[in-house]
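Visitor: sequence first, then the predicted structure:
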Amino acid sequence: MSRYIQAIRGMHDILPEAIALWHRVEDGARRIFASYGYAEIRTPILEVSELFKRSIGEVTDIVEKEMYSFTDRNGDSLSLRPEGTASCVRAAIEHGLLTQPQRLWYRGPMFRHERPQRGRYRQFNQIGVEVFGLAGPDIDLEIILMTARLWRELGLSGLRLELNSLGDTAERQAYRERLVAYLEGRREQLDAESLRRLQTNPLRVLDSKHPEMQEVIAAAPSLMDHLGAATRNHFEQLCHGLDRSGIPYQLNPRLVRGLDYYNRTVFEWITDDLGAQGTVCAGGRYDGLVEQLGGRATPAVGFALGLERLVELLSLAGHASEPAVHAYLIAVGEQAQAEAPLLAERLRDALPGLRLLTHCGGGSFKSQFKRADKSGAIDALVLGETELERGVIGLKPLRDESGQRELGFDELIELLGRRIGATN
RNA sequence: GUGGACGUAGCUCAGCUGGCAGAGCGCAGGAUUGUGGAUCCUGUGGUCGUGGGUUCGAACCCCAUCGUCCACCCCA
């Protein structure tokens, strides 16, 4: 136990030096979702536990052992949300949003009590999209194209798209029975983990990484062979659309999402650069969920992306960010220090895009210039006795050797405006 | 929840067989009393994660505990 109080295990501070990358992802997503006409929705991070049990599934790991649940003062069981879809569906039903198609997105922290490791945290941030009331492959294609556009916007190139269809509820159920029968017949070949999955979520046996399981898995009946004509057609149309859009993808018949509510189309964007937690974005259809939660039957698709993972990818790629500060105002002498805040306000009035840091705390020219340099500012603005007497402001470029100038206020505005324009 | 590695200065780390707690970077000041960065000088830095045990003596060995990382599992 440390002497100091520390952040809770698996929950991390995001420090100022990392924030620029977060903004890049968040702003990029916001801009792109807007360009497809998606509207933001914000829901509470706390819900009644029942909501997650009924949507994610009683016997999933998330609900069984990963939820932060507690009893509140009224005796109700509440849980910090482990994912965003359930809340969105709840809100859509509650506010009668389902009378027409809805394209929604959200962002925020999610909570799962797992053992932390790279790319996996107990509090983590997701941005997600949920679309209600559209049943066709066209909307599946739209949201995948939207994610692909986001990667392009962010400059991420190493992601691969994997795709599968789980069938509709009945097809999935039928296949599940076939698969269980097959696996039961080979019990002695299954490892302990797969035996457990056989009980809880048989489809996930197909997902096993165990080397000795691969042969059993390869010989298992294929989900694709159990799809009905309608489902197959839906999936083929989606693939066709992706082909025409030039988005490369891989069919992965073993791609099975862990949450119970998925059906038909499922997809994942995966990277090899983050170790074991390589899924950066995942989603699919959940046509039965709205009805299951008491709304009228409504088809739905969505996905969620993991912000921590994307930010780490960007940080590995070493993307440079624009300067946090354009200019640093230095003031030496009593009179100049009194004048500086007023000058700074006038500058901000004149140049709304200007990021200007004003030196506080006094000190010599030398120490103030040191601060100016460390702030990362492009220019130092200098106000001393000499400048006051002459009615000018000094501008000294800190990142090039073009030399210090003395400028009147209007000249300064003009020059600064040009200089910050070049960096934005 | 399971397994493994690791916790020493703000950061990255060294510290031999148990014998004075170290380096680089950073930070502060100076060389330069109106000018940052490069260089040089000086200074600041520590409950060796925490608690217990063994020992004349523990950063080092033992036990426990907390944390971090990696993998399993799970998943974004």
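Guide: Cool, the structure landed.

Visitor: tell me, how many residues neighbour the residue in the stretch 1-150 of chain A that RNA strand B sits nearest to?
Guide: Going by CB to the nearest atom of the strand, RNA strand B is nearest to residue A:118 of the stretch 1-150 of chain A, at 2.4 Å. For glycine as for every other residue, the C-beta is placed from the backbone atoms N, C-alpha and C. Close neighbours of residue A:118, defined as other CB atoms under 10 Å, add up to 12.

Visitor: residues touching it, list them.
Guide: A:274-277 (CB atoms under 8 Å, 6 or more residues apart in numbering).

Visitor: let's see 6 Å
Guide: For residue A:118, the contacting residues are residue A:275, by CB atoms under 6 Å, 6 or more residues apart in numbering.

Visitor: mind listing what residue A:81 touches?
Guide: Counting by CB under 6 Å, 6+ apart, residue A:81 makes contact with A:45, A:47, A:87, A:110.

Visitor: among these, which ones are buried?
Guide: A:47, A:87, A:110 (16 or more other CB atoms under 10 Å).

Visitor: circling back to that earlier point, how near is the residue of the stretch 1-150 of chain A closest to RNA strand B to residue A:310?
Guide: 14 Å (CB to CB, to the nearest Å).

Visitor: can you check residue A:385 too?
Guide: Distance of residue A:385 to residue A:310, given as CB to CB: 51 Å.

Visitor: who has more neighbours, these two?
Guide: Per other CB under 10 Å, whichever of residue A:385 and residue A:310 has more neighbours is residue A:310, with 29 against 12.

Visitor: check the secondary structure at that one for me.
Guide: helix (DSSP: H, G, I helix; E, B strand; the rest coil).

Visitor: so what's it up against?
Guide: Residue A:310 neighbours (CB under 6 Å, 6+ apart): A:25, A:280.

Visitor: let's see that with 8 Å instead.
Guide: Contacts for residue A:310 (CB under 8 Å, 6+ apart) come out as A:25, A:154, A:156, A:280.

Visitor: assumed the last one was part of a strand.
Guide: Yes: counting by three-state DSSP, residue A:280 is found in a strand.

Visitor: burial check on it, number of neighbours?
Guide: Residue A:280: 25 surrounding residues under other CB under 10 Å.

Visitor: got a list of what it touches?
Guide: Taking CB under 8 Å, 6+ apart, we find residue A:280 in contact with A:159, A:269-271, A:274, A:305-306, A:309-310, A:313.

Visitor: give me phi/psi at residue A:382?
Guide: Main-chain torsions, residue A:382, degrees, to the nearest 10: phi -120, psi 130.

Visitor: excluding chain neighbours, what is closest to it?
Guide: Using CB to CB, 6 or more residues apart in numbering and skipping residues adjacent in sequence, the residue nearest residue A:382 is residue A:394, 3.2 Å away.

Visitor: residues in contact with the one you found?
Guide: By CB under 8 Å, 6+ apart, the neighbours of residue A:394 are A:380-384, A:387, A:404-407.

Visitor: can you pull the pLDDT of residue A:423?
Guide: What the model reports as pLDDT for residue A:423 is 60.

Visitor: residue A:189 too?
Guide: At residue A:189, the model reports a pLDDT of 82.

Visitor: distance check, the residue nearest the centre of chain A against residue A:43.
Guide: Centroid-nearest residue in chain A: residue A:307, 3.2 Å away (criterion: CA atoms, centre = their mean). Residue A:307 is 17 Å from residue A:43, where distance means CB to CB.

Visitor: need the contacts of residue A:394 in a markdown table with secondary structure and pLDDT, can you?
Guide: Formatted as a markdown table, these follow (DSSP: H, G, I helix; E, B strand; the rest coil; pLDDT from 0 to 100):
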| residue | secondary structure | pLDDT |
| --- | --- | --- |
| A:380 | strand | 95 |
| A:381 | strand | 96 |
| A:382 | strand | 96 |
| A:383 | strand | 95 |
| A:384 | coil | 93 |
| A:387 | helix | 94 |
| A:404 | coil | 93 |
| A:405 | strand | 93 |
| A:406 | strand | 94 |
| A:407 | strand | 95 |
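
Visitor: write the PyMOL selection for whichever of those residues are buried.
Guide: Buried members of those, defined by 16+ other CB under 10 Å, are picked up in PyMOL with:
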select buried, chain A and resi 380+381+382+383+384+387+407
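
Visitor: which of the contacts of residue A:394 sits closest to residue A:201?
Guide: Closest approach to residue A:201 among the contacts of residue A:394 (CB to CB): residue A:380, at 61.7 Å.

Visitor: contact partners for residue A:192?
Guide: Counted by CB under 8 Å, 6+ apart, residue A:192 has zero contacts.

Visitor: how close does the closest residue to residue A:413 other than its chain neighbours get to RNA strand B?
Guide: Spatial nearest neighbour of residue A:413, chain neighbours left out: residue A:350 (4.7 Å); criterion: CB to CB, 6+ apart. Using CB to the nearest atom of the strand, to the nearest Å, residue A:350 is found at 22 Å from RNA strand B.

Visitor: how far off centre is whichever helix in chain A runs longest?
Guide: In chain A, with assignment by DSSP state H, the single longest helix is helix A:16-35. Relative to its parent chain, helix A:16-35 has a centroid offset of 9 Å by CA atoms, centre = their mean, to the nearest Å.

Visitor: any weak-confidence spans in the stretch 301-424 of chain A?
Guide: The stretch 301-424 of chain A contains residues with pLDDT under 70 at A:319-321, A:422-424.

Visitor: name the nearest residue to residue A:216, ignoring sequence neighbours.
Guide: residue A:189 (5.1 Å).

Visitor: check residue A:76 too.
Guide: residue A:48 is the one closest to residue A:76 (CB to CB, 6+ apart), at 6.2 Å.

Visitor: next, give phi and psi for the one you found.
Guide: phi -70, psi 140.

Visitor: and it, bridged to which residues?
Guide: residue A:78 (DSSP bridges).

Visitor: likewise residue A:105?
Guide: residue A:40, residue A:129.

Visitor: that one against residue A:39, yeah?
Guide: Yes: using CB atoms under 8 Å, residue A:105 is in contact with residue A:39, at 7.4 Å.
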